[in-house]
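>>> Show me the folded form of this:
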Amino acid sequence: MNLSPRICTVVSCTTLVVALGAGVTACGSGDQPLSAKPYDAAGQISFNSPTSDGGKAVKVDPDKPLEILATGDDGRITDVTAIDASGRYVSGELAADGSRWHSTSPLAAGVHYTVRVSTEDGDGAPGRKVLDFDTGTPTTQQVVNVKFGPEAGTYGVGQPVTAELSAPVKDQASRAIVERALKVDSTPSVEGAWHWVDDKTLHYRPKEYWPTNATIEAHSNLAGIKIGERLWGGNAKSLKLTTGDQLIAVTDAAAHAMTVYRNGQQIKRIPVTTGKPGFETRNGVKVVLSKEYLVRMRGTTIGIAEGSSDSYDLPVYYATRVTWSGEYVHAAPWSVGNQGYANVSHGCTGMSTSNAEWFFNNVRAGDIVKVQNSNGKTMDPFGNGFGDWNLDWTKWRNGSALVGGVPDGPPPQDRARLRPESV
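Predicted coordinates:
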């Protein structure tokens, strides 16, 4: 490297072409290039689209990628950082020879960006330039708003976080943009992933149950981001949840008993009756959906003809719902003689009134109810409550547009800290 005094010309300076505007030419000099104050690279910055129209600023098209080129024989780009006014980074890729940087995530519409470009000439002297621009707003677009669930509050450790989209998102590339913008953080921190239930619904859960007494926060950085053709991110209200103790109720249909554990310690064993032949209780993990002090249960709601031998119409107390189709853990005083000995219900888990009251008072939405050794089918993962935990971790991750098929480990944004993802 030549450390002697030098005179820098326009020809020897690095020229940067940014897909945004135009400027003038300048460069710096010094006796110690590596320690020199960065020269103003304004002279090497030009835009391939106008920055003004008759003195009026022109907004950049967010549909077009941000691109920075280094032209010349002895200069290169060393780093580019692009960030919007909300603190969202634009991810990008820098060529190995420093000749080109381009964005790999979409720009947001209707926001202000600041771009910091670092350069280096053939002698190692650093150059710097800060660019500012605004993006325009598309004239025709469909906005995708996000609604997080459940409602804010304290839940059991099995409660998934849900995201309902106001418009469908179908292709994988667009889903990845949405998923990257939907953030779920917990304290203590745990590994988790989104799973696309359908085109408008995502669920988020950790690899294992949430920690006890955790704080879970969900928010969206999707606003203004292009998702797909004429599809743009909209608004979302952030969500904050907390968890309580870990409460897991395990029902052994063959043993006709429910064992309740709090934080891994058994606290109660309850005689129960579950579904009889033809109405077997579903196996698998279910999440408590709600608690209803009084429910009118009728056989006609599950397809039993009125007046038949299996018909029923009963007031039921201390009913803890675990499926939308009507499976409960509830008081069943009419079957106390069978509880602990035989399965005689139409699919619910029945127990004495006093035990049902105790269960009702000790569980909350999000707690786990697991049924095993029943002759029934396995709880569906989706559509009839929260059966999310019936998918193993590999299958769960395969429902993600970001980590599906990727080996288990840190999420993509944590594996690439040196090149921040947008949103």
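
>>> how far away is the closest residue to residue 90 other than its chain neighbours from residue 103?
In space, residue 90 comes closest to residue 82 once its chain neighbours are excluded; the distance is 4.0 Å by Cβ to Cβ, 6 or more residues apart in numbering. Where C-beta positions appear, they are placed from N, C-alpha and C, glycine not excepted. Distance, residue 82 to residue 103, by Cβ to Cβ, to the nearest Å: 7 Å.

>>> One more: residue 76?
Computed with Cβ to Cβ, the distance linking residue 76 and residue 103 is 18 Å.

>>> do residue 59 as well
Applying Cβ to Cβ to residue 59 and residue 103 gives a distance of 17 Å.

>>> next one: residue 154
Residue 154 sits 41 Å away from residue 103, going by Cβ to Cβ.

>>> which one of those two has more residues nearby?
Counted by other Cβ atoms under 10 Å, residue 154 and residue 103 do not tie: residue 103 has more neighbours, with 20 against 13.

>>> Helix, strand, or coil at residue 176?
Taking DSSP: H, G, I helix; E, B strand; the rest coil as the rule, one finds residue 176 in the helix state.

>>> List the residues that contact it.
Residue 176 is in contact with 401-402, counting by Cβ atoms under 8 Å, 6 or more residues apart in numbering.

>>> Could you report the neighbour count for residue 301?
11.

>>> Tell me how many other residues crowd the closest residue to it other than its chain neighbours.
With sequence-adjacent residues excluded and distances taken as Cβ to Cβ, 6+ apart, residue 301 is closest to residue 326, at 6.0 Å. Residues lying near residue 326 (other Cβ under 10 Å) number 17.

>>> Surely residue 210 and residue 160 touch.
No. Counting by Cβ atoms under 8 Å, residue 210 stays clear of residue 160, with 9.5 Å between them.

>>> just checking, residue 355 is part of a helix?
Yes. Assessed with three-state DSSP, residue 355 lies in a helix.

>>> That one against residue 269, yeah?
No. If you go by Cβ under 8 Å, residue 355 and residue 269 don't touch, sitting 9.9 Å apart.

>>> more neighbours, the two?
Just comparing residue 355 and residue 269: by other Cβ under 10 Å the higher neighbour count belongs to residue 355, 23 against 14.

>>> which residues touch the nearest residue to the more buried one once chain neighbours are set aside?
Spatially, and ignoring its direct neighbours in sequence, residue 355 is nearest to residue 270 (4.8 Å; Cβ to Cβ, 6+ apart). Residues counted as contacts of residue 270 (Cβ under 8 Å, 6+ apart) are 257-260, 351, 355, 359.

>>> Residue 270 pairs with what?
In this entry, residue 270 is beta-bridged to residue 258, by DSSP bridges.

>>> Which pLDDT value belongs to it?
With respect to pLDDT, residue 270 scores 98.

>>> same check, this time on residue 277
Looking at residue 277, its pLDDT reads 93.

>>> right, and it touches residue 374 too?
No. With contacts counted by Cβ under 8 Å, residue 277 stays clear of residue 374, the gap being 11.0 Å.

>>> which one of those two has more residues nearby?
For the pair residue 277 and residue 374, the greater number of neighbours falls to residue 374 (21 against 8), based on other Cβ under 10 Å.

>>> so where's the stretch 51-200 of the chain shaky on pLDDT?
Along the stretch 51-200 of the chain, segments meeting pLDDT under 70 span 51-57, 71-74, 138-140.

>>> ok, now which ones touch the closest residue to residue 239 other than its chain neighbours?
Distance criterion Cβ to Cβ, 6+ apart; nearest residue to residue 239, sequence neighbours excluded, is residue 148 at 4.0 Å. Contacts of residue 148 were listed using Cβ under 8 Å, 6+ apart, and they are 161-163, 218, 220, 236-239.

>>> Run through the helices of the protein in chain order.
Secondary structure of the chain (DSSP state H): helices located at 172-181, 353-362, 393-398, 412-415.

>>> just those helices: most buried one?
Highest mean neighbour count of the helices of the chain: helix 172-181, a mean of 20 (counted as mean count of other Cβ atoms under 10 Å).

>>> Dump that one to CSV, restricted to CA.
Written as CSV, here are the backbone C-alpha positions of helix 172-181 (Å, rounded to 0.1, in the frame of the first residue of the first chain):
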residue,chain,number,x,y,z
GLN,A,172,-44.4,-18.9,0.1
ALA,A,173,-42.4,-15.8,-0.8
SER,A,174,-45.2,-13.5,0.4
ARG,A,175,-45.8,-15.6,3.5
ALA,A,176,-42.1,-15.3,4.4
ILE,A,177,-42.4,-11.5,4.3
VAL,A,178,-45.4,-11.6,6.6
GLU,A,179,-43.8,-14.1,8.9
ARG,A,180,-40.6,-12.1,9.2
ALA,A,181,-42.5,-9.1,10.3
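
>>> That'll do, ta.
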